[in-house]
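> the sequence and its predicted three-dimensional model are supplied below.
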Amino acid sequence: MRRFILPFLVLFIFISESIFSHLVHLPFALEDQLYIPRFVLITCLFLTVYLNRTHGMIFGLVFGLLYDIVYIEIIGIYLFAYAILAYLVSKAMKILHGNALIVLFLTILSIAILEFYVYGINYLIGSTKMTLYHFTTLRLLPTLALNSIVAILLIYPMKKFLAKIKLEESDD
């Protein structure tokens, strides 16, 4: 039963992304601004840092593919991005100290990289005509602000939860 807690938690977070984007309207947001929740990526990065690289990359692959299937027409954009970002964060954590500020910085940096990557792909295939200036002001900055707040709120509960799971796995 304990094995299924983590996949169900990430699935719940995946579903909450969609619910958040449809039901929550921020009162201070402008009409044109886009706040894109990246809760699954945040969770995959926390899994990578606080559990291990394998878990982060596997969950990144699975939920990146699920994100591709459910939300976009092109299979592979998020599948590739989530797994690679989890891998890069794991490599960075071998060099950097693993305190909460570094993890938050790497998480925000990963979200920015993901947003630029998705914008670049969409711009190359012609599915967006948004200029770089409009992208940064109307999508990137609001998305980074939202996800920074969520990452700050989730880092300590997730760290405790994942430390508990890691301890239980080492006991087995």
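Happy to help now that I have it.

> please enumerate the helices of the protein.
5-23, 39-50, 53-71, 77-95, 100-125, 132-135, 141-171 (DSSP state H).

> could you check how far Val49 is from Ser90?
As for Val49, its distance to Ser90 is 8 Å (criterion: C-beta to C-beta, to the nearest Å). Any C-beta I mention is one placed from the backbone N, CA and C, and that applies to glycine too.

> then Ile13?
According to C-beta to C-beta, Ile13 stands 20 Å off from Ser90.

> quick one: residues contacting the residue nearest to the spatial centre of the chain.
The chain has Leu41 as the residue nearest its centroid, 1.6 Å off, counting by C-alpha atoms, centre = their mean. Each residue near Leu41 by C-beta atoms under 8 Å, 6 or more residues apart in numbering is listed here: Gly60, Tyr82, Leu85, Thr107, Ser110, Ile111, Leu114.

> point out where this structure drops to low pLDDT.
Across the chain, the ranges flagged by pLDDT under 70 are 1-2, 28, 172.

> was I right to think Ala86 contacts Thr43?
No: applying C-beta atoms under 8 Å as the test, Ala86 and Thr43 come out as separate, 10.3 Å apart.

> okay, and the common contacts of these two?
By C-beta under 8 Å, 6+ apart, the residues touching both Ala86 and Thr43 are Phe59.

> follow-up on the earlier one: just the closest of the contacts of Leu41 to Tyr35, please.
Closest approach to Tyr35 among the contacts of Leu41 (C-beta to C-beta): Ile111, at 12.0 Å.

> residues near that closest one, how many?
Residues contacting Ile111 under the criterion other C-beta atoms under 10 Å number 23.
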